[in-house]
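**Q** can't give you the sequence, but here's the structure:
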């Protein structure tokens, strides 16, 4: 695969040498080169675009049948690598100029960011809420490069960019709200059950209390302290998770809430729920070992089995938690400078 890639780059270099020194480019460009560049943009082939633009820099102003230039088409296709290539390759002045250009329907780059394009690659993103977040990130990023006047410009439908975004993402926002509420409802039930169990366990301690002093019989055992501490952590973390999920259920679900507020609550809720499940299993294992520590043939298998719920939770929910954290607080898809071959 790597050899094929190297050979393709060599072929690309040879092709670019030809078009770089070609005097009459109008026929070649209109028939072959421009459609190829737009096709490469739709597929995210930033190396191809980078090399072609080195040979013919003016192609950055080329337009497709809808009157959209390469920069606008990269936004429409949601190809962040191509977008980053243009962003770091062009000066701030040229970026602003290209972003302010309108297409055949009087749509500027911000209008294009407000559409839910069929080219948008949302299938590889988990959950409707994260898809909505990614669309908002695109809109906010493009909003930063256009002049303030463009934010209130009207297209042929007499709509401003934000109105276009709201109209085209209305269904996705509803799906995101439903996904958030369903996830929060399920997790709230689990969290409430853990709160009930851990609260009761704190007053029904293993071994019982000393009839004369009232203190726990195993008070001075290290495993008993492990039981108490893990029980307390499980109770507090599950309470925190339930409060976070209740915050999600009672949220107003405005568009901008999907950018930071809702993902943050979900991250905290899932994280604390994971901690509560893990520490609940620790409390159970500690209590089991205290009560029947002489029967290791029973204790050890039970402790191993107790790790199964934690493992299942990690397997099912941890990838979503990591993806949500990276999408909300990670480096981001727009802060990665594409390496040019120049």
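**A** Thanks, I have the structure now. Computed from a predicted model, the values in this text were never measured in an experiment.

**Q** Identify all contacting residues around the host helix or strand of residue 97.
**A** Under the criterion of DSSP states H and E, residue 97 resides in helix 92-100. With CB atoms under 8 Å, 6 or more residues apart in numbering as the test, helix 92-100 has contacts from 60-61, 69, 71-72, 86-87, 90, 108-110, 142, 145-147, 150. For the C-beta atoms, the positions are set from N, CA and C on the backbone; glycine is no exception.

**Q** and if we set it to 7 Å?
**A** Contacts with helix 92-100, where a contact means CB atoms under 7 Å, 6 or more residues apart in numbering, come from 69, 71, 87, 108, 109, 142, 145, 146, 147, 150.

**Q** Can you go through those residues and name the buried ones?
**A** Neighbour-count burial (16 or more other CB atoms under 10 Å) applied to the contacts of helix 92-100 gives 69, 71, 87, 108, 109, 142, 145, 146, 150.

**Q** Restricted to helices, list the residues you listed.
**A** Among these, the members falling in helices (DSSP state H) are 71, 87, 109, 142.

**Q** can you list the weak-confidence ranges in the stretch 151-300 of the chain?
**A** In the predicted model, the stretch 151-300 of the chain carries pLDDT under 70 at residues 206-220, 293-297, 299.

**Q** where do the helices sit along it?
**A** Under the criterion DSSP state H, counting those that start in this stretch, helices of the stretch 151-300 of the chain are mapped to 161-168, 170-203, 222-249, 261-291, 296-329.

**Q** So which of those is nearest residue 103?
**A** Nearest of the helices of the stretch 151-300 of the chain to residue 103, taken as CB to CB: helix 161-168 at 12.8 Å.

**Q** Determine the angle, from 0 to 180 degrees, between the closest one and helix 170-203.
**A** Between helix 161-168 and helix 170-203, the angle comes out at 70 degrees (axes from the mean of the first three to the mean of the last three CA atoms, to 10 degrees).

**Q** Mind giving me the packing neighbours of helix 161-168?
**A** Judged by 3 or more CB pairs under 7 Å, 6 or more residues apart in numbering; DSSP states H and E, helix 161-168 is in contact with helix 109-113.

**Q** Quick one: residues contacting the closest residue to residue 185 other than its chain neighbours.
**A** Closest residue to residue 185 apart from its sequence neighbours, by CB to CB, 6 or more residues apart in numbering: residue 249 at 6.9 Å. For residue 249, the contact set (CB under 7 Å, 6+ apart) comprises 181, 184, 185.

**Q** Relative to residue 128, how far out is residue 249?
**A** Look at residue 249 and residue 128: by CB to CB, to the nearest Å, they are 16 Å apart.

**Q** can you give me the offset of stretch 82-100 from its chain's centre?
**A** Distance of stretch 82-100 from its chain centroid, counting by CA atoms, centre = their mean, to the nearest Å, is 24 Å.

**Q** Flag every buried residue along it.
**A** Those would be 82, 83, 84, 85, 86, 87, 89, 90, 95, 98, 99, 100, for stretch 82-100 by 16+ other CB under 10 Å.

**Q** Could you do stretch 106-117 as well?
**A** Residues of stretch 106-117 classed as buried: 107, 108, 109, 110, 111, 112, 113, 114, 115, 116, 117 (neighbour count, 16+ other CB under 10 Å).

**Q** so which pair among the residues you listed is furthest apart in space?
**A** Checking the buried residues of stretch 106-117 with CB to CB, the most distant pair is 108 and 116, at 16.9 Å.

**Q** among the contacts of residue 249, which ones are buried?
**A** 181, 184.
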